Each structure stands twice: as C-alpha cells, then as structure tokens.
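Participant: task: produce atomic coordinates for the following.
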Amino acid sequence: MSKNLVIYFSAGGHTKLKALQLADAIGADLFEIEPVKKYTKADLLWMNPLSRSFREVATRKSKRPEIVDKNLDLTGYDKIFLGFPIWGWAAPSIVNAFLEKHDFSGKTIVVFATSGGTTNLDGSLKSLKQSVSETTVLQEGRVLNGEWTKEELADWAKGR
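Facilitator: Sure thing, here's the model as predicted:
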C-alpha cells in the first residue's frame, strides 16, 4: 500500500500552515525542507535588492542555498506533494537544492504553493523540472491561498 508524503519549504509560515493542513486532510507524512541559515524578516523583503530572497531569485540558476542534511527515505511513497512559497514567479532555489539532493525517479510530485501575488505555477514547474530525473512525474497542483476546509483539501488531493 502506498503512502502520501507532504514535503514543504516555508520561510514565513504560510506554506507550513497549508502543508500541515494538507497532510492532516489526506493522512500523509510530513517533511520540512530547512535552510542551514534561517531566513529573517529582513531576508524576506523581496523588493529590496539587498535582501537574501531578492538575491536568491536573481541567482537561482547558478547558486543553491545550503539545506539541513536530514535523512529522507522515499521508499513506499508513490505520490509526493511538494509545497513552497512563490518567489519571483517560481519556487525558491532551496527547493531545487532539495530535489537535486534526493532521487525522485519513478515518483509523482504534485506541486502546490502559496503566493501573495500569483496563481500561476508555470515558472515553478519549468525551474523544478531541471532538478529532477526524466522518470519523475512533475504535476501541477495549485496555489493554495485563502481558507480551505479539510474536505476541500482532501478532494483536491484525491484528484491529483
């Protein structure tokens, strides 16, 4: 019997809340992507060219933030829900760093996000596809802004 896994990165707490709610709604295990250097409020001022998030968006194709090295056993998981905030119309580069570190061959990854300004996941899917094997199925989910009931999240996940 296969299980679901919700993997998420959250710098400000919004994506973490959605990931916790989704995992609860579908009875999934949970895994957090953590940066070695935690993000501060100043780091997240995405319109400030001196902020860490702004610089990471600008260098996302060439640099990856360091992630906390935690053991992740993907055995038994067929479907993985991957959540993150959208930074600069795509997933933060820490998500790419995480995908590049693990082997998701033969897995289905359903992408979900939180965002203050877009509901479009095209940029995220394009950048993330470069970080997974050709046998990994990367599936567009949706931006989970606003309030969702447990039943709504379960119904949405079931259709993926």
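Participant: return the helix or strand in this protein with minimum mean pLDDT.
Facilitator: Sorting the helices and strands of the chain by mean pLDDT, DSSP states H and E puts helix 52-58 at the bottom, at a mean of 73.
Participant: show me what it is packed up against.
Facilitator: Counting contacts by 3 or more Cβ pairs under 8 Å, 6 or more residues apart in numbering; DSSP states H and E, helix 52-58 is packed against helix 93-101. The C-beta positions use only the backbone N, C-alpha and C, and glycine is treated the same way.
Participant: repeat that for 6 Å
Facilitator: Contact partners of helix 52-58 among helices and strands, from 3 or more Cβ pairs under 6 Å, 6 or more residues apart in numbering; DSSP states H and E: none.
Participant: quick one: contacts of that helix?
Facilitator: For helix 52-58, contacts defined as Cβ atoms under 6 Å, 6 or more residues apart in numbering pick out Asp43, Leu44, Trp46, Asn48, Trp87, Gly88, Ser93.
Participant: which one (most neighbours) among those?
Facilitator: Trp87 (23 neighbours; other Cβ atoms under 10 Å).
Participant: which regions of the protein lie under the pLDDT threshold?
Facilitator: 1-2, 45, 59-62 (pLDDT under 70).
Participant: list the residues that contact Gln21.
Facilitator: Gln21 touches nothing, counting by Cβ under 6 Å, 6+ apart.
Participant: do you know how far it is from Trp156?
Facilitator: Using Cβ to Cβ, to the nearest Å, one gets 11 Å for the distance from Gln21 to Trp156.
Participant: over to Gly106?
Facilitator: Remark: distance between Gly106 and Trp156 (Cβ to Cβ) = 24 Å.
Participant: more neighbours, the two?
Facilitator: More crowded of Gly106 and Trp156, by other Cβ under 10 Å: Trp156, with 18 against 11.
Participant: just the strands in this protein please.
Facilitator: 3-8, 29-32, 77-85, 108-114, 137-143 (DSSP state E).
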